[in-house]
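Undergrad: sequence plus the predicted model coming up.
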Amino acid sequence: MGESVSVFSPSLLSDAWELSSSVYKSQYVNCSYVRSVIRSNLVVFAFRGSLIPNSATKYGEYQVKDGFLDGVKDGNNQRASVHQGALSQFEDIWSRSDFQKQVIEDHEKGNTIVFTGHSMGGGIAALATLRMLEKQRQPKSVFCITFGFPLIGDEILARGVRRKKWADQFCHVVLRRDVFSRILLAPSISVSKPLEVLLPYWNRSMQSRADSVGSTDIPMAEAPPGGIAEFVATVVQHCSAVSNYTSAAKMSPNNPLIAAVKPLVKLSPYRPFGYYLFCSSSGAILIENHYAVLPILYFSLQTLGANLEDFILQHVNYGYILPNSLQNIVKLSELSDLPLSDAGSVHQDSRITTQLDALGLGIQFPQSGISHGSVNKPN
């Protein structure tokens, strides 16, 4: 981790969220990003991504061209694939001489640069970070913080990020029941219809909240669209399929049954990279182990006993939940390292227990390869 900044600092995470949400203001409706000097030698670029049903949800994996992510090819020289909607928005911004010039100028001045964004803006921020990491001589001065980030890269990209030792420069903040952060684990055809209503709703909600900041007139919150039960169930189902298949393939990579299933089932190609901060109203769990991310994305999204509106509202509720979450960050190591009692329950620090329960994980959470175990004070 770079000495000048920590992407896990509660103060920086708060600043990043404030800027990420501010780009939704009506005054920025024609702007794709805003730049802010947070403090000496720390510059933050926040992106506003377009939420259009056709570009925001289709698998649309697109193999990147020469000149971008050349260093993250796999052993067979296969190039990484990324989400086409996010890539096209990023390339449109990056091609503007004023933006690219400003970023390079800030970097050459020795500033630490943080790219951030909410929703699809987080996808653009991640791609901007990857662009800078592969081109700059001092990559440890470039970071990424996202909120409600949808998975945008395939396994080749995820492995490349780990191989390059870039994982600790990405911090993806995800609320327990934010369904959009899992949306690209479901095929477009299964979710496109409800998203024609949900995406404009999320945009209106974020703009209304951003415009009301600093105002004494608090706007009445718009109720979430109806008919969301089937939509949420579909996302959970596909999240389960990807998580279970990936876990099985990891534990038994040479299993012929797993190899036989792969060509028969169309699973989402997207996989997580970087660190994840899973948040609830009582705190947050920082996950560094990439194998743990997919299972947590699935298990924390369970619908049993939940208010289904929360799955829609949480995508726009980061500003309400983060202030409490960031005061109690738990950093986890290997769950399998912890001893079990005779009853089979894990002996845990009380703070860890609290955060696991708040995410709906608890002691029933699978132990194989999952991060768990130690408590670190936030920086």
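TA: Looks like it arrived, so ask away. Model, not experiment: these values are computed from the prediction. Numbering: from 1, shown residues only.

Undergrad: how many residues are close by the nearest residue in space to Gln136 that is not next to it in sequence?
TA: Counting by Cβ to Cβ, 6 or more residues apart in numbering, the nearest residue to Gln136 once its immediate chain neighbours are dropped is His107, at 6.2 Å. (Each C-beta comes from the backbone N, C-alpha and C, glycine too.) If you count neighbours by other Cβ atoms under 10 Å, His107 ends up with 19.

Undergrad: residues contacting His107?
TA: His107 is in contact with Ile113, Met132, Gln136, Gln138, Ser141, Val142, counting by Cβ atoms under 8 Å, 6 or more residues apart in numbering.

Undergrad: also Gly148?
TA: For Gly148, the contact set (Cβ under 8 Å, 6+ apart) comprises His118, Ser119, Gly122, Val173, Val174, Leu175, Asp178, Phe180, Ser181, His315, Tyr318.

Undergrad: next, count neighbours for the first one.
TA: The criterion is other Cβ under 10 Å. On that basis, His118 has 30 neighbouring residues.

Undergrad: the fourth one now?
TA: A count of nearby residues for Val173, using other Cβ under 10 Å, gives 30.

Undergrad: surely it touches Cys279?
TA: Yes - at 6.2 Å, Val173 counts as touching Cys279 under the criterion of Cβ atoms under 8 Å.

Undergrad: find residues that contact each of these two.
TA: With Cβ under 8 Å, 6+ apart as the test, Val173 and Cys279 both reach Leu322.

Undergrad: next, the buried residues of the host helix or strand of Pro323.
TA: In this assignment (DSSP states H and E), Pro323 forms part of helix 318-325. For helix 318-325, burial by neighbour count (16 or more other Cβ atoms under 10 Å) applies to Tyr318, Gly319, Ile321, Leu322, Ser325.

Undergrad: I'd like to know which elements it is packed against.
TA: Secondary-structure packing of helix 318-325 (3 or more Cβ pairs under 8 Å, 6 or more residues apart in numbering; DSSP states H and E): helix 10-22, strand 170-175, strand 275-280, strand 283-287.

Undergrad: got the angle for the longest one vs strand 275-280?
TA: What it means is helix 10-22. 80 degrees (axes from the mean of the first three to the mean of the last three Cα atoms, to 10 degrees).

Undergrad: please save the CA atoms from whichever helix or strand comes after helix 10-22 in PDB.
TA: Toward the C-terminal end, the helix or strand that comes next after helix 10-22 (DSSP H and E) is strand 33-39. Presented in PDB, the C-alpha positions along strand 33-39 are these (Å, rounded to 0.1, in the frame of the first residue of the first chain):
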ATOM      1  CA  TYR A  33     -16.600  13.400 -14.300                       C
ATOM      2  CA  VAL A  34     -15.600  15.900 -11.700                       C
ATOM      3  CA  ARG A  35     -12.100  16.600 -10.300                       C
ATOM      4  CA  SER A  36     -11.400  17.700  -6.800                       C
ATOM      5  CA  VAL A  37      -8.300  18.300  -4.700                       C
ATOM      6  CA  ILE A  38      -9.200  16.700  -1.400                       C
ATOM      7  CA  ARG A  39      -6.000  17.700   0.400                       C
END
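
Undergrad: which residues touch the helix or strand following strand 33-39?
TA: Using DSSP H and E, the helix or strand that follows strand 33-39 towards the C-terminus is strand 42-48. Contacting residues not belonging to strand 42-48 are listed as 4-5, 12, 15-16, 19-20, 22-24, 28, 31-38, 93, 103, 106, 111-117, 121-122, 124-125, 128 [Cβ under 8 Å, 6+ apart].

Undergrad: now the helices for the stretch 51-200 of the chain?
TA: 53-57, 84-94, 97-108, 120-135, 155-163, 188-212 (DSSP state H, counting those that start in this stretch).

Undergrad: could I get these as TSV with mean pLDDT?
TA: Below are those laid out as TSV (pLDDT from 0 to 100):
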stretch	mean pLDDT
helix 53-57	52
helix 84-94	89
helix 97-108	89
helix 120-135	93
helix 155-163	93
helix 188-212	88
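
Undergrad: looking at it, Tyr201 is touching Ala223, isn't it?
TA: No - counting by Cβ under 8 Å, Tyr201 does not reach Ala223; the two are 9.3 Å apart.

Undergrad: which one's more surrounded, those two?
TA: Using other Cβ under 10 Å, the more surrounded residue of Tyr201 and Ala223 is Tyr201, with 18 against 10.

Undergrad: check the gap between that one and Pro194 for me.
TA: 10 Å (Cβ to Cβ, to the nearest Å).

Undergrad: what do the two both touch?
TA: When contacts are counted by Cβ under 8 Å, 6+ apart, Tyr201 and Pro194 are jointly contacted by Pro225.

Undergrad: what's the ChimeraX line that selects buried ones from the contacts of His107?
TA: Listed next is the ChimeraX selection for buried residues among these, using 16+ other Cβ under 10 Å:
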select :113,132,141,142
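
Undergrad: so who does the residue most central in space within the chain touch?
TA: In the chain, the centroid-proximal residue (Cα atoms, centre = their mean) is Phe149; its distance is 3.2 Å. Neighbouring residues of Phe149 by Cβ under 8 Å, 6+ apart: Ser119, Gly122, Gly123, Ala126, His172, Val173, Val174, Ser181.

Undergrad: would CSV of these with distance to Gln355 be doable?
TA: Output for those, formatted as CSV (distance: Cβ to Cβ, whole Å):
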residue, distance to Gln355
Ser119, 24
Gly122, 22
Gly123, 27
Ala126, 25
His172, 17
Val173, 14
Val174, 14
Ser181, 18
